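Enquirer: Coordinates only, no sequence provided:
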């Protein structure tokens with residue numbers, strides 16, 4: 001199952017951005033983190049409601065999280081776009097993805113992360129995506 005998923009992901013990325021497998025992974029990482037970051041930065045409360053996540057008293061912390069995601073997306077872009085870059089790299093992305101997946105999974109298992117089924121589903125999809133990306137990146141390293 002994971003081998004088929006890896007082939008599907010590789011095909012999708014090569015369709016969007018031709019290049020080496022590592023460059024394609026970095027491109028996908030950049031797109032995912034940038035999209036989430038921009039949503040949280042520009043419309044934090046609407047994004048939280050749309051994904052069924054717990055309400056926040058203000059948009060401050062979701063905006064901070066969005067800014068951090070945009071920063072990681074920028075570092076990932078530089079790693080893939082600049083020849084000879086020795087920045088974040090695949091190993092760094094694996095650590096970021098697995099840490100994020102672990103924290104989200106623990107919060108979801110404790111039942112405090114999302115008050116709705118839609119929110120719980122969105123969180124488990126996020127965990128699955130982060131772990132899957134990590135596995136593909138480990139295979140490429």
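Expert: Okay, I see it. Just so you know, these numbers come straight off a predicted model, no measurement behind them. Numbering: from 1, shown residues only.

Enquirer: and residue 28, how many neighbours does it have?
Expert: 22 (other CB atoms under 10 Å). Heads up, the C-betas are built off the backbone N, CA and C, glycines and all.

Enquirer: ok, it touching residue 133?
Expert: Yes. A contact is recorded between residue 28 and residue 133 when judged using CB atoms under 8 Å, the distance being 7.2 Å.

Enquirer: what comes into contact with the helix or strand in which residue 125 is found?
Expert: For residue 125, the enclosing helix or strand under DSSP states H and E is helix 117-140. When contacts are defined by CB atoms under 8 Å, 6 or more residues apart in numbering, helix 117-140 is touched by residues 2, 5-6, 9-10, 21-22, 25, 28-29, 32, 51-54, 90, 93-94, 97-98, 100-101, 104-105, 107-108, 113-114.

Enquirer: Tell me the buried residues in that helix?
Expert: The neighbour-count check on helix 117-140 (16 or more other CB atoms under 10 Å) flags 119-120, 122-124, 126-127, 129-137 as buried.

Enquirer: In which helix or strand does residue 106 reside?
Expert: With DSSP H and E as criterion, residue 106 is part of helix 89-110.

Enquirer: Just the angle for that helix relative to helix 117-140, thanks.
Expert: Here helix 89-110 runs at 150 degrees with respect to helix 117-140, directions being taken by axes from the mean of the first three to the mean of the last three CA atoms, to 10 degrees.

Enquirer: any idea of the mean pLDDT in helix 89-110?
Expert: Per-residue pLDDT values over helix 89-110 give a mean of 84.

Enquirer: Same check on stretch 47-59?
Expert: 88.

Enquirer: Not counting that stretch itself, show me its contacts.
Expert: Residues lying outside stretch 47-59 but in contact with it, judged by CB under 8 Å, 6+ apart, are 39-40, 44-45, 62, 112-123.

Enquirer: buried residues in that stretch?
Expert: Judged by neighbour count using 16+ other CB under 10 Å, the buried positions of stretch 47-59 are 47-48, 51-53, 59.

Enquirer: Please identify the buried residues of stretch 101-117?
Expert: Neighbour-count burial for stretch 101-117 flags 101, 104-105, 108, 113-114 (criterion: 16+ other CB under 10 Å).
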